[in-house]
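Chemist: Sequence and predicted model, in that order:
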Amino acid sequence: MAEPNAAALRVLVVEDDPITAEAHAAYVERVDGFRTAGVARTGHEAIRMLRDAREGRAEPFDLILLDVNLPDTTGIELCRSLRAAGIEIDVIAVTAVRDAAVVRSAVSLGIAQYLIKPFGFAAFAEKLAAYRDYHARVGTAVVTDQQEVDASFAALRTGSTSSLPKGLTRETLDLVRAAVRDAPTDATSATELAAALDLSRVTARRYLEHLADTGVVERASRYGAPGRPEVEYRRR
């Protein structure tokens, strides 16, 4: 068995569902520069593991992948407890919770990223890669100037144009997201999106396929009209 990479960032996965926890732990191992150093199924277990690490009874962690809904607490309350206990560690919230109040609380607690379930590996890897860049930038004792500070914070803001597939733009993607979100039903097709945004059907389909690949929507078959079924994209 290969020895773990000592330079890799050590991740604690906090997730109560065993299948999801195993999947997230496996995802971590697939991203260069990270390794899963522990899995906790409850908030109490997570705090115990982090205290053991702080007091030298276990290896330290660099990052928590934190589910907001836990059986004995919430991820937000867990973060507050960690801050109150003086345990300083970066957190990425990995959750299905879409409540704006929860997002505001996450921001106020300094949670570095907020990744909404369900998602594909590409979206997961993008968030971790952004965090890895941020961590590398702030890992030194001193930042040299304002530009370096700005670059460090910018590293956490994934979803730039450079991360999109060739030919897609951030502005149009934002319009597509809004159209999918505000659609009168839970599903839309490339034909419907093209008509709503004055796009070609091929272009509309490319944007919807990108949203499907990143876990924002899911593909389904729409039956009804004669001929082949049409692909529709359902909000998750």
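Modeler: Received, thanks. Numbering: from 1, shown residues only.
Chemist: List phi and psi for T185.
Modeler: phi -120, psi 170 (degrees, to the nearest 10).
Chemist: If you rank every helix and strand of this protein by mean pLDDT, what lands last?
Modeler: helix 146-154 (a mean of 58; mean pLDDT, DSSP states H and E).
Chemist: Pull out the buried positions in the helix ranked longest in the chain.
Modeler: For the chain, the longest helix by residue count, based on DSSP state H, is helix 121-138. Within helix 121-138, the residues that count as buried by 16 or more other Cβ atoms under 10 Å are 123-135, 137. All C-beta spots, glycine's among them, are computed from the backbone N, C-alpha and C.
Chemist: Which positions within the helix or strand hosting R177 qualify as buried?
Modeler: Element membership for R177, per DSSP states H and E: helix 170-182. Residues 172-173, 175-176, 179-180 are the ones in helix 170-182 that count as buried (16+ other Cβ under 10 Å).
Chemist: May I see the buried residues of stretch 26-42?
Modeler: 27-28, 31, 34-42.
Chemist: Let's see which of those end up in helices.
Modeler: Short answer: the buried residues of stretch 26-42 in helices (DSSP H) are 27-28.
Chemist: Of the buried residues of stretch 26-42, just say which sits nearest to L197.
Modeler: Nearest to L197 among the buried residues of stretch 26-42, counting by Cβ to Cβ, is Y27 at 32.6 Å.
Chemist: Against A123, how distant is that closest one?
Modeler: 10 Å (Cβ to Cβ, to the nearest Å).
Chemist: Pretty sure R35 is one of the things V13 touches, is it not?
Modeler: No - contact criterion Cβ atoms under 8 Å: V13 and R35 do not qualify, at 11.1 Å.
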